[in-house]
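1. Provided below for reference: sequence and predicted model.
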Amino acid sequence: MESNKPKKKKKRTNSKTKKQTKPTPKTETKQEKSEWGKTKTEQQEKLEPINFQNKDKIHPLTKQKFSKNYFEILETREQLPITAQKENFVKLLEENQVIILTGETGSGKTTQIPQYILEAGYSYGGKYRICCTQPRRVAALSVATRVSEEMDVELGSEVGYTIRFEDKSSPETLVKYLTDGMLLREAMIDNNLSQYSVIIIDEAHERTISTDILFGLLKQLLTTTRKDDLKVIVMSATIEHKLFQEYFNNAPHLDVTGRVYPVDIFYLEEGENDYVSGVIKTSVEIHLSEPKGDVLIFLTGQEEIEDCCERLYWRLCDSKSSEIGEFEIIPLYAALPYYEQKKAFMPTPDDKITTLQNGEKKTLYGRKFIIATNIAETSLTIQGIVYVIDPGFSKQKVFDPKKRVESLLVSPISRASANQRKGRAGRTQSGKCFRLYTKKTFEQLERQTIPELLRSNLGPVLLNMKKMGIINLLMFDYLSPPSIDLLVRALETNHYLGGLDEDGELTELGHQISSFPLDPQLAKMLIKSQQYDCCDEILTIVAMLSTPNCFIRPRKRRKQADQARARFIDCNSDHLTLLNVYNEYFTIQKNQKNQWCKQNFINNRTMYQAVNIRKQLFNILRRLDLYRKSYNDYSKNQSLIELKIKKCLVEGFFMQTAYKLKRKKYLIVRDKQQVLVYPGSSIQFFRDWILFHEFVLTERNYIRTCTSIEGQWLVDIAPHYYETSKFSNGRVKSALESLHRQRKSAMEKFKKKKMKKGENATGKETEKETEMGKGKGKEKKKKKKKKSKKEKKKENVKENVKENGKEKEKEKENTKEVKKNKKKKNKKENKNKEKKKSGKKNKKKKKRKKTSGEIKNLLSNENKIINNDEDNSRKRKKKTKKKKKEKKKTKEK
Ligand SMILES: Nc1ncnc2c1ncn2[C@@H]1O[C@H](COP(=O)(O)OP(=O)(O)OP(=O)(O)O)[C@@H](O)[C@H]1O
C-alpha cells in the first residue's frame, strides 16, 4: 500500500494547463449528433492527449523525471489483459457516450481505464475530471494509492480520493476515486456533476442503493443537461451486460478476456454446519501444510471476525505441530480506522528455517491471515494473497415495509459475489480458493445479488434524491424499480419526520437533514439538539451510534468485562450509557487511552472512530449555524440534561418506540410486532414506553440500544404520528388515548396555574378569567409577561419543548374548556386565595406535590426544567454578584 516513491519536498511548478486547475463546467458546446452512442462534440475535437511515454522520460504532468518505480510498475501494467484492448477502448469512447465494460477480476479495469481516459485527453487541459466510483471506502482509498504510484504522482494531487469523512483530493486532481455515496452527495450540491467529463461506475454488480440511483441520475443527465459533454462507463467482472446495455439505450459492450494468474477452486464434499469452525480448521491446515502465501478469509461482521481472530490465534498456538511458521492475524472491516485497515497491506512475517530430527532443514513459512467482511470482496489487491477461504455468507439488509423494520440478515452470497471473492487471489501470483460449501450449493446460489434498492429502507436516501432535483420519485427511471410499498413508506416516514411537506417537497428541515451523511432520524436529533440545549451530548451519542459496539466481551473474560461495563451503565438508557463511556474516555490523557480501553474492555478503535466522526458532525452543525454549546454542565446537572437528551432522542426516533407487555417484552407501537429488549441492554427498569435505535432479527425479534421514555413525550412531540385514529383497537391505542386525555387535562391545569398567577399579581381574577374565556385577554397577558421575569423564563423553556404551532392549538382547546369549567375554576380560585395567605413556602411545596402527584407526564417534567432553570439562574446570578463584589474589593485594596 505504501508508496515506495520518494516524497517530493517541493511542490512542482504547474504546466500551462495547470493554470486552469479548478474544473469548470463547459457551457458552450456545439453538438453535431445528439443521438446516444454516436456523438461528436466540439469538446471532443479539443481533446488534449497526455503522453506518458515520451522519449525524454519527462513526466507530462509534474515536468520532472520519472522515478525508477514508475518503469517497474509499467512493466507489470503492460502485461495486464486490458492493455491489449487500450486502443479499442479509446476508439469506442470517442464514438459513444456510454460503454459497458466487463472483464475478469484482476484484468486491469479499475486501475487502467481511468488512466487511458486521462491520456486520451478527457481532462480537456485540466478543466474537467475523471471519476471512478467504488462501493467501499477501503477500495477507493487503496486503488487511488495504487494509481498514484502507477502515474508517479503524489496521492492527493493529480490522483485523489473522496470517502465519507475524508477527502484527499485537491484542485489539481484529474482522476478521482470516490465511493458511490460520495458522488451522490456531490450530485446534491451540483445536480449536473459538471466537474466531470467521464464518470465510471465500477463494480456495478454490487447494485448498492447509491449506484442504482446514480444510474438513473446519469441517464437523465445524458439526455438533458449533459447530453453533449458527459460520458459514462459501467464496469464489473460479473454483471449481466445486456441489462445495462438495454437500460443505456443499446450502449456498446466491451469484454476483456483473460487473466494474468490462474486460481484453483476447491469445494467441500459435504456441507459445513458451523462455518466459523470450518474457517479455523482450513486456516490451520493451510498454515501447516501449504506452500508460502497469505490467506484472505471472508466472514459476515465485526463480532464474528473478532471472535474468529481470537479462536484462530489460540488454535494456531495450541497446534500439535512442534514448530510452526510465524503468523499474524489481521481483522478487516468497515468500522476499523484506516491505520488499522492498513495493516492488511503490511509485509508478511518472515520465514523460519528449522532442522528436523533426521537432520533435514525445513522452511516454516511466515503467513498473514486477513479476516474480512465483504469490504475486501471487490477491487482490492492485497499483495501476497494466495489463498481465499469463502464460507459463502454475508450480512445483507432486509427491509419489511409493512412492519417498517430493517435488519441485517446473514444470508448466502450470490454466484457473482463468490467469483469476486475468488478473484482476490491470483492477482500477483497464482492462487487457491477454498469454498466451504459443495459445488451443488454453488450452482444453486442466485446469479446476482438482489439490488439493495429492492430490499432496503429508502427513507434515508429519499431526501437526498429530492435534493438532487429528482421531482417525481415514483416516475424516476430506475434500473430495477423498487416496489410502490417501499417508496410510499419512505415518503411517509420523511413526511412524519418533517423533512417533506404535504406536497412531498423538501422542507427547510429536510434540507438541513440532507446536509448530514447520516440517517434522517439521527440528523434530526442533531438539528433539534440546540432547542433542547444539549448539542454536545447529542453529538456524542450520534457519533457513538455511528460506530460499532464499543464494548468488548471476550469469551474467557466475560465476567470481568461485565463488571467493567457496569461502571458506565445507566439503568434507563443505552444511549446514556454510551455517553458515559465517551465522556470518561475523553477525560483520559492521550497516551493512556489505550490502557484505559484495555482495563475497561472498551474497543479503542471504535472510540477513536467516534471521536473522529463527532468532529466531522460538529463541523457540519456549526456550518449550518445549528450548534450551541450545551449551557448546563452534564456532570453537575445530570438529571436535567438527561431529561432533555431523552426528549431530543424522541424528536428523531418517535417512530421507533414500543409499549410494554411484560418485563422485557414489548410491542412495537405502530406495527404490533412483539419484540424483546436485546440481552446486552443496560436497561434494568422496564417502563411502559421505550425507544429503540435498531431492530435485530435473529431467531427472535430484538430491539437494541434502547431508552425508557415517558409516553406523554410521544403525544407531545409527535402528535401527528400518535393520533389515536391511526391505531387499531388494542392496548397501545387505549394507552395512547389515556395519554391524550392526560395531556389535555395537564395543559388545562397548566393554563389555570398561569392564569392564577396573573390574577394574583393584579388582584382582578374574575375579570381575566372571563376575558380569557372570550379570547380577548392576549394583550393584557403580554403586558403581564413583561412584568414577570420568572414567567418569561418558564415560557421560553416551554416553547423549546413544544413543537411549532402546537401551542396555539392547545390554547384554543383550553380556552373552550375554560368556558365550560368556569364554575369549577371559581371554586378552586377561592381555595387558592386561602392558600396564598398561608405563606409562600408552603404554597410552593404544595404546588410541587400537586403536579408530581397528578401529572406524571410532560407537565411535571416541564415544571422541573423550569424550576431547575430558575434555581440555576438564581445561583448563577448570585455567583456573578459575588465575583463582582470580590473584584471590587480587590481593586479597592
Ligand atoms: N496495490 C497493488 N499492488 C500490486 N499490484 C496491484 C495493486 N493493485 C493492482 N495491482 C495489479 O493490477 C492488476 C489490475 O488490478 P485492477 O484492480 O485494475 O483489476 P480489475 O480488473 O479492476 O479487478 P476487479 O474486477 O477485481 O476490481 C491486479 O491484478 C494486480 O496485478
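-> Thanks, I have it.
2. mind listing the helices for the stretch 651-800 of the chain?
-> Taking DSSP state H, counting those that start in this stretch, the helices of the stretch 651-800 of the chain run over residues 711-717, 731-762, 765-774, 778-787, 789-801.
3. got a pLDDT number for the closest residue to L178 other than its chain neighbours?
-> Leaving aside its sequence neighbours, L178 sits nearest to T162 (C-beta to C-beta, 6 or more residues apart in numbering; 4.2 Å). Just so you know, the C-beta spots here come from the backbone N, C-alpha and C atoms, and that holds for glycine as well. For T162, the model assigns a pLDDT of 93.
4. And M468, by the same measure?
-> Here, the pLDDT recorded for M468 equals 85.
5. I'd like to know which of the helices of the stretch 651-800 of the chain has the weakest mean confidence.
-> Lowest mean pLDDT of those: helix 765-774, a mean of 38.
6. quick one on the thing from earlier: buried stuff in the host helix or strand of the residue nearest to L178?
-> Taking DSSP states H and E as the definition, one finds T162 inside strand 159-163. Neighbour counts over strand 159-163 (16 or more other C-beta atoms under 10 Å) mark 159-163 as buried.
7. Need these in JSON lines (columns: distance to A658).
-> Formatted as JSON lines, those follow (distance: C-beta to C-beta, whole Å):
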{"residue": "V159", "distance to A658": "50"}
{"residue": "G160", "distance to A658": "46"}
{"residue": "Y161", "distance to A658": "42"}
{"residue": "T162", "distance to A658": "39"}
{"residue": "I163", "distance to A658": "35"}
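8. Near the ligand, which residues of the stretch 1-150 of the chain? Just list them.
-> With C-beta under 6 Å from any ligand atom as the criterion, the stretch 1-150 of the chain meets the ligand at residues 80, 103, 105-112, 146.
9. what about 8 Å?
-> 1, 76-77, 80, 82, 103-113, 139, 142-143, 145-146, 149 (C-beta under 8 Å from any ligand atom).
10. and these, which of them are in helices?
-> Cross-referencing these against helices under DSSP state H gives 76-77, 109-113, 139, 142-143, 145-146, 149.
11. ChimeraX command for the buried members of those residues?
-> Of those, the buried ones go into a single ChimeraX selection, burial set by 16+ other C-beta under 10 Å:
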select :77,109,110,111,112,113,139,142,143,145,146,149
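12. Which member of the ones in helices among the residues of the stretch 1-150 of the chain next to the ligand is positioned nearest T577?
-> Closest approach between these and T577, by C-beta to C-beta: A139, at 34.2 Å.
13. Check the gap between that closest one and T110 for me.
-> Going from A139 to T110 by C-beta to C-beta, to the nearest Å gives 8 Å.
14. what touches both of the two?
-> Shared contacts of A139 and T110, defined by C-beta atoms under 8 Å, 6 or more residues apart in numbering, comprise S379.
15. Find the closest residue to the ligand in the stretch 501-650 of the chain.
-> Relative to the ligand, the nearest point of the stretch 501-650 of the chain is R605 (23.3 Å; C-beta to the nearest ligand atom).
16. what does the helix or strand hosting that residue contact?
-> Here R605, judged by DSSP H and E, is contained in helix 604-623. Applying C-beta under 8 Å, 6+ apart, the contact partners of helix 604-623 are 165, 335-337, 340, 515-516, 518, 526-527, 535, 539-540, 542-544, 546-550, 581-582, 585-586, 593-594, 597-598, 627.
17. does the ligand sit close to stretch 342-360?
-> Yes. Judged by C-beta under 8 Å from any ligand atom, stretch 342-360 comes into contact with the ligand through F345.
18. For that stretch, buried residues please.
-> Under the neighbour-count criterion of 16+ other C-beta under 10 Å, stretch 342-360 has 342, 344-345, 348 buried.
19. next one: stretch 279-294
-> Using 16+ other C-beta under 10 Å as the test for burial, stretch 279-294 gives 279-284, 286-287, 293-294.
20. Just those residues: which are in strands?
-> Using DSSP state E, D294 are the members of the buried residues of stretch 279-294 that sit in strands.
21. Any chance of TSV for the buried residues of stretch 279-294, columns distance to the ligand?
-> What follows is the buried residues of stretch 279-294, written out as TSV (distance: C-beta to the nearest ligand atom, whole Å):
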residue	distance to the ligand
V279	22
I280	27
K281	28
T282	23
S283	23
V284	28
I286	22
H287	24
G293	15
D294	13
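22. Now pLDDT too, for the buried residues of stretch 279-294, in TSV please.
-> Shown next, in TSV, are the buried residues of stretch 279-294 (pLDDT from 0 to 100):
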residue	pLDDT
V279	95
I280	95
K281	94
T282	95
S283	95
V284	94
I286	94
H287	93
G293	94
D294	95
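23. Which ones among the buried residues of stretch 279-294 map onto helices?
-> 279-284, 286-287.
24. Show me which pair in those is furthest apart.
-> Spanning the widest gap among these are V279 and H287, at 12.5 Å by C-beta to C-beta.
25. which residues touch the residue sitting nearest the centre point of the chain?
-> Among the residues of the chain, the one closest to the centroid is L518, at 4.8 Å (C-alpha atoms, centre = their mean). With contact set as C-beta under 8 Å, 6+ apart, L518 has these partners: 526, 542, 546, 617.
26. give me the element the first one is part of.
-> Okay, so that is L526. Here L526, judged by DSSP H and E, is contained in helix 520-529.
27. Can you name the element that comes right after that helix?
-> Downstream of helix 520-529, the first helix or strand assigned by DSSP H and E is helix 535-545.
28. Against which helices or strands is that following helix packed?
-> When contacts are defined as 3 or more C-beta pairs under 8 Å, 6 or more residues apart in numbering; DSSP states H and E, helix 535-545 packs onto helix 520-529, helix 574-587, helix 604-623, helix 638-653.
29. That one: how far from the chain's middle?
-> Offset of helix 535-545 from its chain centre (C-alpha atoms, centre = their mean, to the nearest Å): 13 Å.
30. Residue numbers of the stretch 401-550 of the chain in contact with the ligand?
-> Within the stretch 401-550 of the chain, the positions lying close to the ligand (C-beta under 8 Å from any ligand atom) are 420, 423-424, 426-428.
31. Format those residues as JSON lines; extra columns: distance to Y631 and secondary structure.
-> Formatted as JSON lines, these follow (distance: C-beta to C-beta, whole Å; DSSP: H, G, I helix; E, B strand; the rest coil):
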{"residue": "Q420", "distance to Y631": "52", "secondary structure": "helix"}
{"residue": "G423", "distance to Y631": "56", "secondary structure": "coil"}
{"residue": "R424", "distance to Y631": "52", "secondary structure": "coil"}
{"residue": "G426", "distance to Y631": "60", "secondary structure": "coil"}
{"residue": "R427", "distance to Y631": "56", "secondary structure": "coil"}
{"residue": "T428", "distance to Y631": "58", "secondary structure": "coil"}
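32. quick one, domains of this protein?
-> Following automatic domain parsing, one finds the domains of the chain at 37-256, 263-454, 516-640, 654-739.
33. out of the ones you listed, deepest packed?
-> Among these, ranked by average contacts under mean count of other C-beta atoms under 10 Å, first place goes to domain 37-256 (a mean of 20).
34. hang on, V295 packs against I389?
-> Yes. V295 is in contact with I389 according to C-beta atoms under 8 Å; the separation is 6.5 Å.
35. follow-up on the earlier one: lowest pLDDT pick from the contacts of L518?
-> For the contacts of L518, the model is least confident at S546; its pLDDT is 88.
36. Could you measure from that one over to F516?
-> According to C-beta to C-beta, S546 stands 10 Å off from F516.
37. go on, A237?
-> 34 Å.
38. Excluding chain neighbours, what is closest to E310?
-> P554 (6.7 Å).
39. what do you get for R77?
-> Nearest to R77 is E150, by C-beta to C-beta, 6+ apart, at 6.3 Å.
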